[in-house]
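Novice: Sequence and predicted structure are below.
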Amino acid sequence: MNDPEQAHEQDWDELIAAARHARERAYAPWSGYTVGAALRAADGSVWAAGNVELWIPALGTCAERNAVTAALAAGHRRFAALAVVTSSSPPACPCGACRQVLLEFVPKGEELAILCVNEEGERLETRLSELLPRAFRLPEALGSRGR
């Protein structure tokens, strides 16, 4: 594809579609608030999941972390983009815990593009560094012992 902007939109379209499909399979019987997330690994593969809400809230898992877990189980360790689909207006962004988990797999100096959308078509395109400024990275805290 010669037009990079058009290619970028098609990349997002694929991730949004995967996140929407995952949202349809989310498990949220208590709140009814379903979330779908689709993560593009560095090799271009897509890993999607929905949130899992349980009776004890602390035991549930966000869609974003479920997508990361699916990708990790398949051997992926670097990610390039994430789409999140909710019903919220404005579109909801990943929570703080998800942001920190995502950071684990984005090497320093690289970026994770994030697109948050809702069913009404509202979009918020951002980057992990904007959602998690001055992020804590353990290797920095350890000095030369880190990665």
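Specialist: Received, thanks.
Novice: ok, Ala49 touching Arg23?
Specialist: No - with contact defined as C-beta atoms under 8 Å, Ala49 does not reach Arg23; the gap is 9.5 Å. Any C-beta I mention is one placed from the backbone N, CA and C, and that applies to glycine too.
Novice: neighbour count winner among the two?
Specialist: Using other C-beta atoms under 10 Å as the criterion, Ala49 and Arg23 rank with Ala49 on top: 27 against 24.
Novice: Just the element for the more buried one, please.
Specialist: Assigned by DSSP states H and E, Ala49 belongs to strand 46-50.
Novice: Return the list of strands paired to that strand, each annotated with direction.
Specialist: The strands that strand 46-50 pairs with in its sheet are strand 36-41 (antiparallel) (by DSSP bridges).
Novice: List of residues touching the partner strand?
Specialist: Under the contact criterion C-beta atoms under 8 Å, 6 or more residues apart in numbering, strand 36-41 has outside partners 11, 14-24, 26, 46-50, 62-64, 66-68, 71, 76, 78-86, 94.
Novice: I would like a ChimeraX command selecting only the buried ones among those residues, please.
Specialist: Only the buried entries of these go into this ChimeraX selection, using 16 or more other C-beta atoms under 10 Å:
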select :11,14,15,16,17,18,19,20,22,23,26,46,47,48,49,50,62,63,64,66,67,68,71,76,79,80,81,82,83,84,85,86,94
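Novice: Sort out which of the contacts of strand 36-41 are in helices and list them.
Specialist: 11, 14-24, 63-64, 66-68, 71 (DSSP state H).
Novice: low-confidence ranges in this structure?
Specialist: For the chain, applying pLDDT under 70 flags the ranges 1-10, 139-147.
Novice: switch to 80 and redo it
Specialist: Counting by pLDDT under 80, the chain contains low-confidence ranges at 1-10, 138-147.
Novice: And the strands in it?
Specialist: Counting by DSSP state E, the chain has strands at residues 36-41, 46-50, 79-86, 113-118, 123-127.
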